[in-house]
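# sequence and predicted structure below; questions after.
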Amino acid sequence: MAKLILKSPYIKSTGGASGYLKYIAARERVEIIPDDRPPTRKQEQLITKLVKDFPEVKELYEYGDYMDKPTKVNASAFITLALESNWDALHESDQYMKYIATRPRVERLGEHGLFGDNDGISLDAAMKELENYTGNVWTHIISLKREDAARLGFDNAAAWRDLLRAHRNDIAAAMKIPPNDFRWYAAFHDEGDHPHVHMMAWSAKPGQAYLSKDDIRQIKSTLTNHIFQNEMLHLYEQKSVSRDELVHEARKAMLEMVRTMKEGICNHPDAEQLMLELALQLEGVKGKKSYGYLPKPQKKLVDRIVDEMERLPSVKKCYDQWMLLQGKVDAYYHDKEQKSIPLSQQKEFRSIKNAVIKEAENIRQCKLFFEDKGVERESEPEKFRNTSYDYWTLRDVIRDETLTLEERGDAVSELDTLAKTGDKHAQYLMGKLWRDGPLLTPNPVNARHWFQRAAKQGHSYAQYALGKLLLSDDVEVRDPKQGTKWLETAAQSGNSYAAYSLGKEYYRGKNVERSFTAAAKWFDRAAQDGNQYAQYMLGKLYLMGQGVEYNKTMGVHWLSQAAAQGNAYANSLLQQQNSGRPPNVFLGVTRLLHHMGRIFQEHSLPQSTPGGIQIDRKRLEELMEKREAHGLKGNVYEEYKGPTMSM
């Protein structure tokens, strides 16, 4: 059950607010005497009537206590809070009001128990203010378990006063009331096993306030985070072994499954068929292609795809682990245990739906991606034949992470001296150190300087590195024309990675005019030189008929060449060649799995942040969609940034 209970009924402008204020302010505190005798007949009758008239009172702590142990004391505690929770409907009922009038237990702060923004509140003045008020007044009732209140120091009026003063602006915001118009009074009732606070809140301008169920949850979340902040921090940081060992193990298992999802290849024909169906339907959808804007039939199809992906063992296990982790936080906020729901209906993972749409659009547009994890690491070697002894020695020291930073830094200084003497390999390595760090503070201008000096001496890998640097988005060095020129120079020198990069540039069309024909030419050149990434890409081009005529034989040939070098994607495509499944659809579902892995990783810790009110996720996504509709950059859907695929 939730750690904190919040009920937020309201009293209509027709009256009763001033009487309620007097009631919560002036009840006398009495000693709580245990009484295990059974409830009286009148109490039983009144409870039956309350439950019938107001079914929501079953959610109160006190009702659970009464049902677990039907005693006179528990009956009295439940009846009191149930009546107070429904004041507006009861204040004209003689039967109910007679009972309310006999229930003392307020902790007084002076002549009465009322507190608010200021000290020294006049009860008469406060009542007169409400007697003349024509708007609705909300009567929040905030309740804790006795053991929690005592342990955390919220068993006295002063603690509650400080809490509500600290968050009065948060509560005002949830009620749509500007801080300057927010009015409130409260009183602490030291009641039975569940001490609670009555807080009356309204706007100085009648008709201004409004409170939805989501707003009530926001208030509850804010107060819960404050009251239980130390325990919540323990949960997040997983410092309490006795309580969080399960969380630690679950998250560890979840992240391992996330890694599998992000790096794996997805063989899911049913999902592929649904993705292809969605891609065809998106052709006729006008306007923005994101989940919030899709017609209902397409939304249902997206949900079916998400549910189909959930059937994958890695996704199902990961989602189950997330539910386990999230449940530990949900217990602080929700009165009832949260039921497991399909992944497609889980609000925390709405971004998966936009990932589905994005990949379906890629399928519709016949986009191919490169799946070239590892190419950057392989394409810039540092060990060459016919290098100087000094270069070899200094390079080994610089890359030896067992040495101290001072020792390695001294080696960089000596390498700089060697580079200045004209050693092209030293110049190339200096370019990499200036570009990547960490022994030097990254500086693209210095990196360009050293790459250029080595490139002009015919160092093909320096030419390749220089071309990539000039084609990057770094405004200090960006020069697409020169970058393309240096890549061509390196490619003509026999550098297959440069030829492969040129193929990617022409395929994407970002820095040069897009040309599938030119892309295929450069991929073919790199493939002939044995570059597995180019062989894989060229095989896909033949199977898709992009830049070359469709030729299944040639496609299988080049995929086989890549697979022979250990290319897992090429091998997977070969295995399903006779199934009739288009390669871009198969790979689109695999990319979707990778997106899901990234999204699960982002949610691998329980979703809550200690502190103030948080904007509702659905509302945030709506705002971001509106921003994008007006041409502003949003983050409802982010491109996949993992290491497995690139475009």
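Structure's in. What do you need?
# give the contact list for the residue nearest to residue 345 when sequence neighbours are not counted.
Spatial nearest neighbour of residue 345, chain neighbours left out: residue 303 (7.6 Å); criterion: CB to CB, 6 or more residues apart in numbering. (Glycine included, C-beta is placed from N, CA and C.) With contact set as CB atoms under 8 Å, 6 or more residues apart in numbering, residue 303 has these partners: 342, 344, 345, 353.
# buried residues in stretch 434-442?
Taking 16 or more other CB atoms under 10 Å as the neighbour-count basis, stretch 434-442 is seen to contain the buried residues 434, 435, 439, 440.
# hmm, which two among the residues you listed are most spread apart?
Of all pairs drawn from the buried residues of stretch 434-442, the greatest distance, 11.9 Å, lies between 435 and 439 (CB to CB).
# quick revisit: any chance of the buried residues of stretch 434-442 in CSV, plus pLDDT?
Shown next, in CSV, are the buried residues of stretch 434-442 (pLDDT from 0 to 100):
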residue, pLDDT
434, 97
435, 96
439, 94
440, 95
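# for the residues you listed, give me TSV that also has secondary structure.
Formatted as TSV, these follow (DSSP: H, G, I helix; E, B strand; the rest coil):
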residue	secondary structure
434	helix
435	helix
439	coil
440	coil
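# so residue 228 is in contact with residue 154, correct?
No - counting by CB atoms under 8 Å, no contact exists between residue 228 and residue 154, whose distance comes to 10.1 Å.
# looking at the two, which one has more neighbours?
With neighbours defined as other CB atoms under 10 Å, residue 228 and residue 154 compare such that residue 154 has more, 23 against 19.
# for the more buried one, what is the enclosing helix or strand?
Using DSSP states H and E, residue 154 sits in no helix or strand.
# now do residue 376
Secondary structure here is read from DSSP H and E; on that basis residue 376 sits in helix 375-379.
# now that helix: buried residues?
For helix 375-379, the neighbour count (16+ other CB under 10 Å) marks 375, 379 as buried.
# helices or strands up against it?
For helix 375-379, the packing partners by 3 or more CB pairs under 8 Å, 6 or more residues apart in numbering; DSSP states H and E come out as helix 496-508.
# touching the helix it packs on from outside, list them.
Applying CB under 8 Å, 6+ apart, the set of residues contacting helix 496-508 from outside is 368, 370, 375, 378-379, 460, 463-464, 467-468, 471, 484, 487-488, 490-491, 511-512, 514-516, 518-523, 525-526, 529-531, 533-534, 537, 547, 647.
# of the residues you listed, buried ones?
Buried by 16+ other CB under 10 Å: 368, 370, 375, 379, 460, 463-464, 467-468, 471, 484, 487-488, 490-491, 511-512, 516, 518-523, 525-526, 529, 531, 533-534, 537, 547, out of these.
# what is the least confident helix or strand in this structure?
One helix or strand of the chain scores below all others by mean pLDDT, DSSP states H and E: helix 94-101, with a mean of 39.
# any idea which helix or strand comes after that helix?
Downstream of helix 94-101, the next assigned helix or strand under DSSP H and E is helix 123-131.
# now for that next one, which elements pack on it?
Contacts defined by 3+ CB pairs under 8 Å, 6+ apart place helix 123-131 against helix 17-26.
# same question for the helix it packs on, mean pLDDT?
Helix 17-26 carries an average pLDDT of 55.
# please pull up the helix or strand immediately following it.
Beyond helix 17-26 on the C-terminal side, the first helix or strand identified by DSSP H and E is helix 41-53.
# now do the buried residues in that next one.
The neighbour-count criterion (16+ other CB under 10 Å) identifies 43, 46, 47, 50 as the buried residues of helix 41-53.
# now do the helix or strand hosting residue 484: distance to the chain's middle.
Following DSSP H and E, the helix or strand that holds residue 484 is helix 480-492. Relative to the centre of its chain, helix 480-492 is centred 41 Å away, using CA atoms, centre = their mean, to the nearest Å.
# tilt between it and helix 496-508?
Angle between the axes of helix 480-492 and helix 496-508 is 140 degrees (criterion: axes from the mean of the first three to the mean of the last three CA atoms, to 10 degrees).
# what's in contact with helix 480-492?
Residues lying outside helix 480-492 but in contact with it, judged by CB under 8 Å, 6+ apart, are 455, 460-461, 463-464, 466-471, 498-499, 501-502, 505, 511-512, 522, 525-526.
# thinking again about what came up before, wait, which of the contacts of residue 303 is closest to residue 223?
residue 345 (27.9 Å).
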